[in-house]
Structure formats: structure tokens, C-alpha cells
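Novice: mind folding the following:
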Amino acid sequence: MQIRSADGDVIMPDKVKAQANVLFSGQPVTIKLISISNVQYITDPITGQWRVVRGVLNASTLTNPDTGIISLSSKLQNVTGPTRDSVNGIPCWRVNGLLAAKYLAFLTGGAVPAGTMLQTSVCAGQSDGLPYQLSLVGQAAKSDTSQTSRIFNISGYNEHTTISAPHI
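Specialist: Prediction:
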């Protein structure tokens, strides 16, 4: 299962709740995803019922300040910007650049040729510096093409939101 886009909430350091567009057996589907530490729950794309899965998205890997989504902007090369923008009404600074696909392997599984670069755009909050959107174009996974696009919208940083395991 490859995540193509997601929109959800994060509770640091290890909880994520999102609606995600994924490739499931080669077909694009929309699922709900909850990740608490190293346990993930997704809705089955056919039945809509929750099930426990492993290896889809480890929330602590996603939120890790050194290796997760938050750190990716520091790994950009050939950076341009910043320009003023907004994501979901939050004023942010958008920078563009190139990102080595290997840094996204924790989400995509990798398996792309060494040195593969992704066109990347990051929009970080003007007041808090947190990433609110990460957009990538290029081959980040084996089945991708040079035109494959992924967009990650991140919101709800440490706001009063509850993320708990679903009743299965």
C-alpha cells in the first residue's frame, strides 16, 4: 500500500489520524488511517471496516524531528523561495527544491535508483515554522513515474484533538 496523499492530524510524538488516498493492489482508493506508535489501523477499502496493519505509517517515524516529514525541508537542495502562501488558511512560507527519494523511503518503501531526486515544495507556518504541506513529484517508489505526485497536508499540531485506536 502506497500513500499518495493524506490530510489529517498529528499529536507529537507518535499519533496520526488521517484520510489518505492510497494505491491498494494497484488501484487508487481512499481510506481512513490511525497510527499510534508502531500500530496502524486502516479502513478496508472494500468493506469500510477497521483492521490492524503493520508497516503502513509508523507515526513516530513520521513525526521524528531528525528523519520524518518535519526534517525533510532541511534536506532540500537547489532551494528557491520563500514565497508567501497559505495552507488551509494558515499563512506559510513556501520553498521549492529537490529532495533525494531515499528520504521518503519510510513512507514509500523506496526501491528506486540511487540518486533519484523529487521536485519538492514545503509550506512552513510563518509563525511556528511547522510544515503544513509537503508536495512531491517524481519516482519515490518502484511503481512511480517521473510524474507521480504526492501531497501531504498536516494540521492540528498539538491542538486539543483526540486520537485513539478504533473499536474493532
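
Novice: Ser73 and Ile151, how far apart?
Specialist: Going from Ser73 to Ile151 by C-beta to C-beta, to the nearest Å gives 15 Å. The way it works is simple: take the backbone N, C-alpha and C, and place the C-beta from them, glycine included.

Novice: can you pull the contacts of Val39?
Specialist: For Val39, the residues meeting the contact criterion (C-beta atoms under 8 Å, 6 or more residues apart in numbering) are Val52, Arg54, Ala165.

Novice: what about 10 Å?
Specialist: By C-beta atoms under 10 Å, 6 or more residues apart in numbering, the contact set of Val39 is Asp14, Val52, Val53, Arg54, Asn58, Ala59, Ala165.

Novice: how much space separates Ile151 from Ala20?
Specialist: According to C-beta to C-beta, Ile151 and Ala20 sit 11 Å apart.

Novice: list the residues that contact both of these two?
Specialist: With contacts taken as C-beta under 10 Å, 6+ apart, the residues that reach both Ile151 and Ala20 are Arg4, Ser5, Ala6, Asp7.

Novice: number of nearby residues for the third one?
Specialist: Here the number of neighbours of Ala6 (other C-beta atoms under 10 Å) works out to 22.

Novice: now do the buried residues in the strand or helix carrying it.
Specialist: Take DSSP states H and E as the rule and Ala6 turns out to sit in strand 2-11. Neighbour counts using 16 or more other C-beta atoms under 10 Å place Gln2, Ile3, Arg4, Ser5, Ala6, Gly8, Asp9, Val10, Ile11 of strand 2-11 among the buried residues.

Novice: kindly indicate which of the residues you listed lies nearest Val29.
Specialist: When the buried residues of strand 2-11 are ranked by distance to Val29 (C-beta to C-beta), Arg4 comes first, at 9.9 Å.
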